[in-house]
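Student: Provided below are the primary sequence and the corresponding predicted coordinates.
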Amino acid sequence: MNRTLSHRQMNYRWATGFRAWLCSWFLLVFSGAWIGLRGAEAAADFEKASQLYAQGKFAESAAAYHAMLQAGFGSGEAYYNLGNALFKSGQVGRAIAAYRQAQLFLPRDPDLRANLRFARQQAGGGNVPRESWLGNLLASLTINEWTLLAVACWWCWLGLSALGFWRVEWAAGLSRYVWLSGLLTACTVGGMGARLYQLSANPMGVIVAGEAAVRYGPLPDSKTLCTLADGTEVIVLEQREQWVQVRDSARRDGWVPRENIAIITGIGAK
């Protein structure tokens, strides 16, 4: 069964706006020039990787996308395209890892969900640890979206509170809205914190070896608990030097060599 994997154009959101507001007018000119140069460099790298993909050079395209991401040019579209290139080059486990990383930027993207589902089917399916409804809710928004919601609710609460102090005769009528906006602020700030904790405390990982032995301890001669196939998704419990403790969908806890797993990190995901 073949599936057409749609390629994406570059997303420049990571390179706009925020840095400029943090600079003085004197430094704005220099920072703007630096951002422009970095953006042009990223665009050239992205175009090179896309051309390699169009030419059917999927392994080379994947390497070009990976180098671009390692240089700090992270975006959902880049990870999405990296997943496509890896999948086409037969690296299903690494493709799943790239799609999972792209989800941190594009949590509701239908094409990404479809490609991830298809890659999971090729990997055998049924190897995904179940997430709670709360975990799925937290993952439905990016960190930036949670932050923007929290800031918007806080400003709404602050504005309504100030209006009540300014016009005393409106205070009674505004009280319920002040209370509601305060509650929403607390919920969105809590959601942002919970999402950050979710990404840092027990991140997800994907087995990227043909078959990885899961051992009872972080030693090469430890007894083997089980083996996990390429593309199996796990929860990362602990990391020690060259070993990672994981939990699979059957809730078995064991250790795998670090080179056999790709860990989904939330660092830099907007």
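Tutor: Received, thanks. Residues are numbered from 1 along each chain as shown.

Student: what residue ranges in the chain score low on pLDDT?
Tutor: Scanning the chain for pLDDT under 70 picks out 1-4, 9-42, 126-127, 267-270.

Student: domain parsing for it?
Tutor: Following automatic domain parsing, one finds the domains of the chain at 13-122, 134-201, 204-263.

Student: closest one to His7 among those domains?
Tutor: domain 13-122 (5.6 Å; CB to CB). Heads up, the C-betas are built off the backbone N, CA and C, glycines and all.

Student: pull up the distance across stretch 223-239, start to finish.
Tutor: Counting by CA to CA, to the nearest Å, you get 19 Å between the two ends of stretch 223-239.

Student: what about the residue lying closest to Lys88 once chain neighbours are set aside, how many neighbours?
Tutor: Excluding the flanking residues, the one nearest Lys88 by CB to CB, 6 or more residues apart in numbering is Phe58, at 3.9 Å. Other residues near Phe58 number 18, with proximity taken as other CB atoms under 10 Å.

Student: for Phe58, list the residues it contacts.
Tutor: Leu52, Ala85, Leu86, Lys88, Ser89 (CB atoms under 8 Å, 6 or more residues apart in numbering).

Student: restricting to C-alpha, output stretch 189-197 in CSV.
Tutor: Extracted C-alpha coordinates of stretch 189-197, given in CSV (Å, rounded to 0.1, in the frame of the first residue of the first chain):
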residue,chain,number,x,y,z
VAL,A,189,-1.5,29.1,33.6
GLY,A,190,-2.0,25.7,35.2
GLY,A,191,-2.3,24.1,31.7
MET,A,192,0.9,25.8,30.5
GLY,A,193,2.8,24.6,33.6
ALA,A,194,1.3,21.1,33.3
ARG,A,195,2.3,20.9,29.6
LEU,A,196,5.9,22.0,30.4
TYR,A,197,6.0,19.3,33.1
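
Student: got the contact list for that stretch?
Tutor: Here stretch 189-197 makes contact (CB under 8 Å, 6+ apart) with Leu134, Leu137, Leu138, Ala139, Leu141, Ile143, Trp146, Thr147, Leu149, Ala150, Trp154, Gly266.

Student: in it, what's buried?
Tutor: Across stretch 189-197, burial judged by 16 or more other CB atoms under 10 Å covers Val189, Gly191, Met192, Arg195.

Student: cool, and stretch 179-189?
Tutor: Neighbour-count burial for stretch 179-189 flags Ser181, Gly182, Leu184, Thr185, Thr188, Val189 (criterion: 16+ other CB under 10 Å).

Student: farthest-separated two in those?
Tutor: Maximum distance among the buried residues of stretch 179-189 (CB to CB): 12.3 Å, for Ser181 and Val189.

Student: can you tell me the SS state at Gly217?
Tutor: Following DSSP: H, G, I helix; E, B strand; the rest coil, we place Gly217 in the coil state.

Student: now, of the contacts of stretch 189-197, which are buried?
Tutor: The buried subset of the contacts of stretch 189-197 - by 16+ other CB under 10 Å - is Leu138, Ala139, Leu141, Ile143, Trp146, Thr147, Leu149, Ala150, Trp154.
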